[in-house]
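[1] here's my sequence, what's the structure:
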Amino acid sequence: MKILRQGAVLALVPTLLGAASCVSVKNQMRSTPTAAIANRLPPLEILADQGPLAMNDGALPEDPLKLFQQECRINLTEPTDSATYGYAKLVVKKVKTLRTGRGLQGAQVLTFLLPAVVGVPLEWYKTTLLAEVQVSDAAGNLLGSYEGTGTSEVKVAMYHGYSQTDAPRLADVIALRGAMAKIRPQLDTATTRLRPLLMAGGTVENPTIPAASSSATGGR
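    Alright, predicted model coming up:
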């Protein structure tokens, strides 16, 4: 009977950790750090390829594009309501997610999740992600590519952590933002060379306005 009772508690772990008592993930998804480069790139078409993220259980298919659009709008490119002078494409090249600490769940079951109630995590999602930003002119000629690696560690816990539904997505998002933070200074250095090349290449024939209507390549 005791074993059955413990099994029932273990089966309820995902439900309990999906409750509203967990930290909200909405602000984390919307917040892009303000760290604008010194000389912004001209307006560009924004694209994204989620690559191996399509096989991950975390980020949604639209997340890479939305995050990259925010990054470009806030930190990298000039605003536009008409012409664009080329393309900036985010490509996720590698991603690896580890779940650690799951052994704690068994110990928590023995105490009917009391440690979880006082803030002890049940597990962590740790993501390492390699991303590349490719900058091309209006004709599609590649002018430069820039890589960065990002990491994350997101805990699953009640009150002082995230639910098992939100944690894997947030781990991917934080790692992706970390990779873009590594790429940003590379673009800051390269913009002196890229800007005249983009302007000389002319404008994209059928620009997508606004950029937010662009679609990510790849799918789950």
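[2] gap between the most centrally placed residue in the chain and Val133?
    Nearest residue to the geometric centre of the chain (CA atoms, centre = their mean): Val173, 2.5 Å. Val173 is 17 Å from Val133, where distance means CB to CB, to the nearest Å. Where C-beta positions appear, they are placed from N, C-alpha and C, glycine not excepted.
[3] same deal with Pro42?
    Computed with CB to CB, the distance linking Pro42 and Val133 is 15 Å.
[4] ditto for Asp49
    Separation of Asp49 from Val133 (CB to CB) stands at 11 Å.
[5] show me which of the two is the more surrounded one.
    Taking neighbours as other CB atoms under 10 Å, Asp49 and Val133 compare with Val133 leading, 24 against 19.
[6] that one contacts Ile183, correct?
    Yes: counting by CB atoms under 8 Å, Ile183 is a contact partner of Val133 at 5.1 Å.
[7] could you point out the longest helix in this protein?
    Scanning the chain for the helix with the most residues, using DSSP state H, yields helix 167-200.
[8] tell me, what's the model's pLDDT at the residue nearest to the centre of the chain?
    In this model, Val173 is scored at 94, pLDDT.
[9] wait, it touches Glu62, no?
    No: if you go by CB under 8 Å, Val173 and Glu62 don't touch, sitting 11.6 Å apart.
[10] so Val204 makes contact with Glu45?
    Yes: counting by CB under 8 Å, Val204 touches Glu45, with 5.7 Å between them.
[11] overlap in contacts of these two?
    Jointly contacting Val204 and Glu45 under the rule CB atoms under 8 Å, 6 or more residues apart in numbering are 84, 86-87.
[12] what is the nearest of those residues to Ala38?
    Using CB to CB, Gly86 is the member of the shared contacts of Val204 and Glu45 that lies nearest Ala38, at 19.5 Å.
[13] can you count the residues close to the closest one?
    So Gly86, with other CB under 10 Å, has 25 neighbours.
[14] let's have the chain start at 708 instead
    Fine by me, first position is 708 from now on; the one you just mentioned is Gly793.
[15] which residues touch it?
    749, 751-752, 842-845, 850, 905, 908, 911.
[16] 7 Å instead, please
    By CB atoms under 7 Å, 6 or more residues apart in numbering, the residues touching Gly793 are 751, 842-845, 905, 908, 911.
[17] Throw these into a markdown table and include secondary structure, neighbour count and distance to Glu778, thanks.
    As requested, these are exported to a markdown table (DSSP: H, G, I helix; E, B strand; the rest coil; neighbours: other CB atoms under 10 Å; distance: CB to CB, whole Å):
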| residue | secondary structure | neighbour count | distance to Glu778 |
| --- | --- | --- | --- |
| Leu751 | coil | 26 | 12 |
| Val842 | strand | 22 | 13 |
| Ser843 | strand | 21 | 17 |
| Asp844 | coil | 20 | 20 |
| Ala845 | coil | 21 | 21 |
| Leu905 | helix | 25 | 17 |
| Gly908 | coil | 18 | 22 |
| Val911 | coil | 19 | 20 |
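[18] check these and tell me the two furthest apart.
    Maximum pairwise distance in the contacts of Gly793, criterion CB to CB, is 13.2 Å, between Val842 and Val911.
[19] and Thr858, that's in a helix?
    No: in this structure, Thr858 is strand, not part of a helix, as judged by DSSP: H, G, I helix; E, B strand; the rest coil.
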